[in-house]
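> Sequence and predicted structure are below.
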Amino acid sequence: MQVKILEIRDEGTFIPALCVDINPDNEEQRYLMRRMGYPCDGAPNVVVTHLSAGGHRAWNDPYGWGDRTWKVAHNYIIEKWDTLVDGDVVDVQFILGETDKPKVSERITAPV
C-alpha cells in the first residue's frame, strides 16, 4: 500500500488530505482485500480522507463524497496517482477550467 499526503484546494478551501492506494503489497493484504471484494488488479484504488481524520469520512469511491470539491479532487487523484507526490496541490478550480493556472501550495506562500 502506498500513502501520499496532498493539498486539496478549491475556492476558499484548503484541505490537507491523506490518500492511500490500497492495492496490496503482500499475500496477507491481498487475501484480506480480495476477501472484501476489492479487485487488486494494480489499478489505483485510492482511499481519501481529511488528514485530521477527526469526524471526517474516508472513501475509495469519488462519488461517495456528495460534494464537488472532494469528488473532483478524488477522481483527479486516482487518474494522476502515479505522478502525484507528497505535498502536491490538487486544485479543483484549475481542473475544472475555472482558473488559468493552478494554485500554489500554502506551504510556499504562507508566512512561517
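Received, thanks. Here the structure is a predicted model, which means the values were calculated and not measured.
> Can you spell out which helices and strands pack onto the strand or helix carrying L6?
Following DSSP states H and E, one finds L6 within strand 2-10. With contacts taken as 3 or more C-beta pairs under 8 Å, 6 or more residues apart in numbering; DSSP states H and E, strand 2-10 sits against strand 13-21, helix 68-79, strand 89-91, helix 92-95. C-betas here are computed from N, CA, C, even on glycine.
> at 6 Å instead, please
strand 13-21, strand 89-91 (3 or more C-beta pairs under 6 Å, 6 or more residues apart in numbering; DSSP states H and E).
> how much does the first one deviate in direction from strand 2-10?
It stands for strand 13-21. Between strand 13-21 and strand 2-10, the angle comes out at 160 degrees (axes from the mean of the first three to the mean of the last three C-alpha atoms, to 10 degrees).
> so D41 is in which element?
Per DSSP H and E, there is no helix or strand for D41.
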